[in-house]
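Student: Need a 3D model of the following:
(chains A and B)
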Amino acid sequence: MTHRLPSIVLTPRVLSAARSPQRRIVGLSCSLVACLMLACGGGYPEPRNQLTASEAAVRAAEVGGAQNGPQSALHLKRAREQVDSGKSLIQEGENERADWVLRRAQSDADLALALAAEEARRKQAAAAKEELERLQTSVKEGTTAP
Amino acid sequence: MAVLKNRVGFWRVGSLLSSAAIGCGLLGCGTAAAPQELHNARHAYTQASQGAAAQLAPAQLDTARQAVERANMAFGSGADEETVRDLAYVAERQVAIAVSSAGLEQANRSLAKYEKDEQELRRKLQNATQTELARIKKELENEHKARLVAEHSAEAALKSLDEVARVKEEARGTVITLSGSVLFATGEHSLLPIAKDKLRDVAQALLEQGDTTIVVEGHTDARGSSSKNHELSLLRAQEVRGYLVSQGIPTSNIQAQGLGEERPVATNDTAEGRANNRRVEIVVNPRNKPKPRAESAAGG
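Tutor: Have a look, this model is predicted:
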């Protein structure tokens, strides 16, 4: 049984063609482009999904009233600043750094939302306590009809 | 029942080991010094795992544990410092979210209790006869007396702090002063074991005060560079704040400030004076908000 040689076998003719000046120029150009892409951060994709997630987290914190409490407002401010910084880094082609900065932004926005929710519920609880005490006082003083 | 107790015991031991492993960075401890952010995240997790979050927000605390482990593993596997810092930053906020979630759950429970009590009282009042109304009034009076006793014991608790700290009334609020030498080793910002006992008493007294706003201020003497002193005082204030939060003080009610050597209470020319200047002050119900210039910590 005989085997046919594959058509891309490195015959002397193929080797000589590979070494031709045109091929070398093409090869060098490809390497140069690859190096430039790596140097510009082209190897790391734009963190579009992370940007969307971070912006959504900031919006959620805003809707949750994070700007109303001192601590939640501080973290909301940091989140906004980091989203802006992430966008600038994307424009500069610093995609990997942008990805991390945006992750930081999302964590600050999530914390701002958690703090805002905690603060709001504490205020609700304080109001409920006040209402209960008001009712108890009015019963004791006889100002509430049975 | 015994099986349950064993299981709970096993879980608690496991939890303690896990928090100890994270605290010591055993899950990925390289030979190089860990960045400050990683220290902060480990500390925050250790404190949170010993506080209310373990019971009230176990899922969020577990997410935080995983985040701290990721940062530890990145550090242990020699990842670049910036990546470790980023992971630790996110982890510290995950811990803060767990602590805040515990606060939310606590507030939920309080709200449910007050609303239930109010409904119960209104239901009783709706069809009450004069005799029943008199009995309800009596019950409420007894409750009121019991509350006064509790408030009195809260005041007594604050006064009893005199044994572990100096308490005084100032224009900016009630100031509880703790000596730096009792809380920290020289140049360090990790709480000494004995300090935790004292701070537990402080936390208890603060909890009994009800809903208050608290500012923890770190102060140093004037030895060393001003920037180092400022940094150390902030780290110490954050450490005390973290511990008080772990003992149930609501995250949103407490801030930490580092004031360095800015506000001495004694001369820096004598050893005694310097010892008095090295301190942590806990200002309860401050009338003035913290200066915007001073750094403050919220997430931990």
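
Student: Please give the number of neighbouring residues around the nearest residue to B:Thr83 once chain neighbours are set aside.
Tutor: Spatial nearest neighbour of B:Thr83, excluding adjacent residues (Cβ to Cβ, 6 or more residues apart in numbering or on different chains): B:Ala74 at 5.7 Å. Where C-beta positions appear, they are placed from N, C-alpha and C, glycine not excepted. Neighbours of B:Ala74 under the rule other Cβ atoms under 10 Å in any protein chain shown: 21.

Student: For chain A, what lies in contact range of chain B?
Tutor: Contact residues (Cβ under 8 Å from any Cβ of the partner chain) of chain A with chain B: A:69-72, A:74-75, A:100, A:103-104, A:107-108, A:110-111, A:114-115, A:117-119, A:121-122, A:124-126, A:128-129, A:131-132, A:135-136, A:139-140, A:142, A:144, A:146.

Student: so is the residue nearest to B:Thr83 in a helix, a strand, or just coil?
Tutor: Following DSSP: H, G, I helix; E, B strand; the rest coil, the label given to B:Ala74 is helix.

Student: I'd assumed B:Glu281 was in contact with B:Ser172.
Tutor: Actually, residue B:172 is Arg. It isn't Ser. No. Between B:Arg172 and B:Glu281 there is no contact under Cβ atoms under 8 Å: 9.7 Å.

Student: ok, and what's touching stretch A:128-145?
Tutor: Identification of contacts with stretch A:128-145 by Cβ atoms under 8 Å, 6 or more residues apart in numbering or on different chains yields B:110-111, B:114-115, B:117-118, B:121-122, B:125, B:133, B:136-137, B:140-141, B:143-144.

Student: swap the cut-off to 7 Å and go again
Tutor: B:Leu111, B:Tyr114, B:Glu115, B:Asp117, B:Glu118, B:Leu121, B:Leu125, B:Ile136, B:Lys137, B:Leu140, B:Glu141 (Cβ atoms under 7 Å, 6 or more residues apart in numbering or on different chains).

Student: can you check stretch A:84-92 too?
Tutor: Contacts of stretch A:84-92 (Cβ under 7 Å, 6+ apart): A:Glu46, A:Leu51, A:Ser54, A:Arg97, A:Ala98, A:Val101, A:Leu102, A:Ala105.

Student: List buried residues within the contacts of stretch A:128-145.
Tutor: Neighbour-count burial (16 or more other Cβ atoms under 10 Å in any protein chain shown) is assigned, among those, to B:Leu111, B:Tyr114, B:Glu115, B:Asp117, B:Glu118, B:Leu121, B:Leu125, B:Ile136, B:Leu140.

Student: would JSON lines of those with secondary structure, pLDDT and distance to B:Ile176 be doable?
Tutor: Formatted as JSON lines, the buried ones among the contacts of stretch A:128-145 follow (DSSP: H, G, I helix; E, B strand; the rest coil; pLDDT from 0 to 100; distance: Cβ to Cβ, whole Å):
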{"residue": "B:Leu111", "secondary structure": "helix", "pLDDT": "94", "distance to B:Ile176": "29"}
{"residue": "B:Tyr114", "secondary structure": "helix", "pLDDT": "93", "distance to B:Ile176": "29"}
{"residue": "B:Glu115", "secondary structure": "helix", "pLDDT": "94", "distance to B:Ile176": "34"}
{"residue": "B:Asp117", "secondary structure": "helix", "pLDDT": "91", "distance to B:Ile176": "32"}
{"residue": "B:Glu118", "secondary structure": "helix", "pLDDT": "92", "distance to B:Ile176": "35"}
{"residue": "B:Leu121", "secondary structure": "helix", "pLDDT": "88", "distance to B:Ile176": "37"}
{"residue": "B:Leu125", "secondary structure": "helix", "pLDDT": "83", "distance to B:Ile176": "42"}
{"residue": "B:Ile136", "secondary structure": "helix", "pLDDT": "83", "distance to B:Ile176": "40"}
{"residue": "B:Leu140", "secondary structure": "helix", "pLDDT": "81", "distance to B:Ile176": "34"}
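
Student: and those as CSV, adding distance to chain A?
Tutor: Output for the buried ones among the contacts of stretch A:128-145, formatted as CSV (distance: Cβ to the nearest Cβ, whole Å):
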residue, distance to chain A
B:Leu111, 4
B:Tyr114, 4
B:Glu115, 5
B:Asp117, 5
B:Glu118, 5
B:Leu121, 6
B:Leu125, 6
B:Ile136, 6
B:Leu140, 5
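
Student: Quick check: the two most widely separated of these?
Tutor: B:Leu111 and B:Ile136 (23.2 Å; Cβ to Cβ).
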